[in-house]
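Student: I need the structure of the sequence given here:
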Amino acid sequence: MTAVKATPTTPPPRLPVRDKAAAGERGWGGVSPMLTRLAAEEATGVLVRERGSLHLVDGHVVHAESPSAPGLELLLTAHGTLGAEAWEAAARATDERHATTRLLLDGGLLSPGALELCHLGALYDAAYFVLAPSSTPGRFRYGVTHPIGGVRPVPVAALERETLRRRDLLHRVWPDAATDGAPLV
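Tutor: Next comes the predicted model:
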């Protein structure tokens with residue numbers, strides 16, 4: 001950072017601002033500059049924001065959580081894709097070498113297609129809320145991994161495009177901003 005001294009005759013330099021038009025043209029980078037930077041440096045860890053968290057591995061998002069969106073466990077167990085007992089047993093058996101999802105796949109309790117579909121649904125739903133405008137800054141903790149394990153890494157550009165697509169769709173369907181932050185039911 002460069003310090004600039006302003007004199008009475010010269011005003012201080014303008015603060016940098018996001019170029020939303022340029023971000024919209026390229027389809028990503030305008031939602032979270034911090035997330036964009038973490039992707040560029042291929043970071044691994046967890047980005048914690050006001051409305052949830054995003055887990056990254058090598059700069060790709062592998063998991064997202066928000067109290068406003070249903071999680072992977074709920075999507076898998078709610079309609080019989082996977083028994084709640086099977087999920088709980090796999091979660092208890094999870095350790096440093098065996099992720100919950102890997103145990104379910106290896107045990108034949110879950111098909112790869114069903115897991116990927118539910119995982120992407122949960123990830124995109126949660127990311128929509130996590131990446132919503134916030135009144136507090138995000139924090140990133142390097143090296144933190146999630147016990148569920150990576151199912152299908154999602155590039156940050158794809159995640160931001162989907163978040164913007166969902167915002168636009170919601171605004172077209174119902175332009176009242178109060179619905180933008182309402183939890184999914």
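Student: so what's residue 179 closest to, chain neighbours aside?
Tutor: residue 170 (6.6 Å; Cβ to Cβ, 6 or more residues apart in numbering). In this view, the C-beta of every residue, glycine as well, is placed from N, C-alpha and C.
Student: one more: residue 124?
Tutor: residue 162 (5.3 Å).
Student: wait, a helix at that neighbour?
Tutor: Yes: counting by DSSP: H, G, I helix; E, B strand; the rest coil, residue 162 falls inside a helix.
Student: how far away is the residue nearest to residue 179 from residue 36?
Tutor: Going from residue 170 to residue 36 by Cβ to Cβ, to the nearest Å gives 23 Å.
Student: over to residue 120?
Tutor: On the measure of Cβ to Cβ, residue 120 and residue 36 end up 21 Å apart.
Student: elements contacting the host helix or strand of residue 61?
Tutor: In this assignment (DSSP states H and E), residue 61 forms part of strand 60-65. Judged by 3 or more Cβ pairs under 8 Å, 6 or more residues apart in numbering; DSSP states H and E, strand 60-65 is in contact with strand 52-57, helix 112-130, strand 154-155, helix 156-173.
Student: repeat that for 6 Å
Tutor: On a contact count with 3 or more Cβ pairs under 6 Å, 6 or more residues apart in numbering; DSSP states H and E, strand 60-65 meets strand 52-57, helix 112-130.
Student: which residues are in contact with the first one?
Tutor: What it means is strand 52-57. 43-44, 46-47, 61-66, 126, 129-130, 146, 150 (Cβ atoms under 6 Å, 6 or more residues apart in numbering).
Student: mean confidence for it?
Tutor: Mean pLDDT, strand 52-57: 95.
Student: and what of the longest one?
Tutor: pLDDT averaged over helix 112-130 equals 92, rounded to a whole number.
Student: list the buried residues of it.
Tutor: Across helix 112-130, burial judged by 16 or more other Cβ atoms under 10 Å covers 115, 117-120, 122-130.
Student: if we take those residues, which one ends up nearest to residue 105?
Tutor: residue 115 (6.6 Å; Cβ to Cβ).
Student: would you mark the buried spots in stretch 36-44?
Tutor: 36, 38, 39, 43, 44.
Student: same list (the helices and strands packed on strand 60-65) but as a markdown table, adding distance to residue 185.
Tutor: Converted to a markdown table, those look like this (distance: least, Cβ to Cβ, whole Å):
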| stretch | distance to residue 185 |
| --- | --- |
| strand 52-57 | 17 |
| helix 112-130 | 12 |
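Student: nice, that's everything, thank you.
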